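In: return atomic coordinates for the entry below.
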Amino acid sequence: MTKNAFLAVGLLFLGAALVASAVHATEPGEALWFDMENCAFCKNLSKDPQLMKNMSWEHHDISNGVATITVVKPEFKKSYLEAQAAMMDVGKKMQSGELKMADVKMCGHCQNYGKLMMMGAKMEHVQGTFADVTLMTSDNPEMVKEIKAFAQRNRDEMAKMEQAEKAEKPAKTK
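Out: The predicted structure follows:
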């Protein structure tokens, strides 16, 4: 993988943090879709406990895949870049063989993201001042279906977590 591919991997792993700290598994024995405590990539996002509350992450279907947009409040950009660098380091160690894939704990999101990359999904990343955009695309219609299914799962899991967060907050009184 190229340095840009690892950057894109890191950013999408980072996006997993934008959901609540609660995580959901839908099948017995299935890895949690987002696991901020145990995933070798995502746990780096918890180092600054305020980071996840101060960023947003969206997936948008495009004709040949998905566009992911990450926005971080300026005062949390340093924490974001540190988490990103730590995740990139895990990816580099896996690529070099220093870390064996079988020994690296990953959430369902990160496992599936890696699977799509290994299947040949194309990655493009633009890191801007106010937002980052990552495109995951393919010219193969079957791969495009896989990419879009992955993005839909992210949206579904995020919606579940947002509902759980709302249910946990005490009702406001007038």
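In: okay, buried residues for stretch 126-134 please.
Out: Within stretch 126-134, the residues that count as buried by 16 or more other CB atoms under 10 Å are 132, 134. Bear in mind the C-beta positions are built from the backbone N, C-alpha and C, glycine included.
In: pLDDT (mean, whole number) over that stretch?
Out: Averaged over stretch 126-134, pLDDT sits at 90.
In: start and end of that stretch, how far apart?
Out: 6 Å (CA to CA, to the nearest Å).
In: use 842 as the first number from now on
Out: Will do, 842 is the new start, and the previous item becomes stretch 967-975.
In: so which residues of the protein form helices?
Out: Secondary structure of the chain (DSSP state H): helices at 844-856, 918-937, 949-959, 982-1009.
In: okay, the angle between the shortest one and helix 918-937?
Out: Relative orientation of helix 949-959 versus helix 918-937 (axes from the mean of the first three to the mean of the last three CA atoms, to 10 degrees): 60 degrees.
In: ok, the longest one next?
Out: Our comparison of helix 982-1009 with helix 918-937, counting by the same axes, to 10 degrees, yields an angle of 140 degrees.
In: can you pull the buried residues of helix 982-1009?
Out: Going by neighbour count (16+ other CB under 10 Å), the buried part of helix 982-1009 is 984-985, 987-989, 991-992, 994-995, 998-999, 1001-1002.
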